[in-house]
Structure formats: structure tokens, C-alpha cells
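Asks: coords below, sequence missing:
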């Protein structure tokens, strides 16, 4: 049986620096991923995430982007309001 590889955890600063290194240079995605020792697909995902979310990208494990956190809070409030309404109408 092959031993499991440990998943590396990269902080927000590392991810942003990696994306900046790729976007601000003439190097290919593969070159940058090799230089940093990061899988090509991982770096590609970071680049895509940063392009979609800019400064809200990479909120951290178990955390939400501010825009997502607001939506989650609003959904909770809506669920409470619906429950209160249903109790009132019963």
C-alpha cells in the first residue's frame, strides 16, 4: 500500500504571491508551478479564483468570502422569519 501524501496548506499571502508571479511575468503556468513546487492544477485553480473574486479570493479554510457570508446570514434570517410566519399562521 502506498503511503498517503500529506496535503500542503498554503496561506493567502503565498497564493496571492504565486498568482502575481504568474500574471506579472512572461513565465508559463507550468514554469511557475515548478518553481514554487505547487501542482499545476492547484496554481491554475488559484489563478481562476483570483480572476473571479479579486481581493475576496482565498478567504481561508472554513471561512467565507464577505459577500458569501452576508448571503448566508440573510438566508438564516429568512428561515427564521418563515418559521415565525408559519407559527403565527398555524
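Replies: Noted; the coordinates are in hand. Since the structure is predicted, the reported quantities are computational estimates derived from the model, not experimental observations.
Asks: use CA for all of it now, contacts and neighbours both
Replies: Will do.
Asks: okay, and the helix or strand of this structure with the least pLDDT?
Replies: helix 66-89 (a mean of 82; mean pLDDT, DSSP states H and E).
Asks: Tell me the buried residues in that helix?
Replies: Across helix 66-89, burial judged by 16 or more other C-alpha atoms under 10 Å covers no residue at all.
Asks: Centre of the chain to it, how far?
Replies: Taking C-alpha atoms, centre = their mean, to the nearest Å, one finds helix 66-89 lying 25 Å from the centre of the chain it belongs to.
Asks: can you give me the helices in the protein?
Replies: 12-23, 29-36, 40-53, 66-89 (DSSP state H).
Asks: Excluding chain neighbours, give the residue nearest to the residue most central in space within the chain in space.
Replies: Centroid-nearest residue in the chain, with C-alpha atoms, centre = their mean: residue 58, separated by 4.1 Å. Distances taken as C-alpha to C-alpha, 6 or more residues apart in numbering put residue 12 closest to residue 58, at 5.6 Å, once the chain neighbours are dropped.
Asks: Can you report how many residues neighbour the one you found?
Replies: Per other C-alpha atoms under 10 Å, the neighbour tally for residue 12 reads 13.
Asks: Numbering from 25 from now on, please.
Replies: Understood, numbering begins at 25; the last thing we discussed is residue 36.
Asks: quick one, what contacts the residue nearest to the centre of the chain?
Replies: Contact partners of residue 82, counting by C-alpha atoms under 8 Å, 6 or more residues apart in numbering, are 36, 39, 73, 74, 89.
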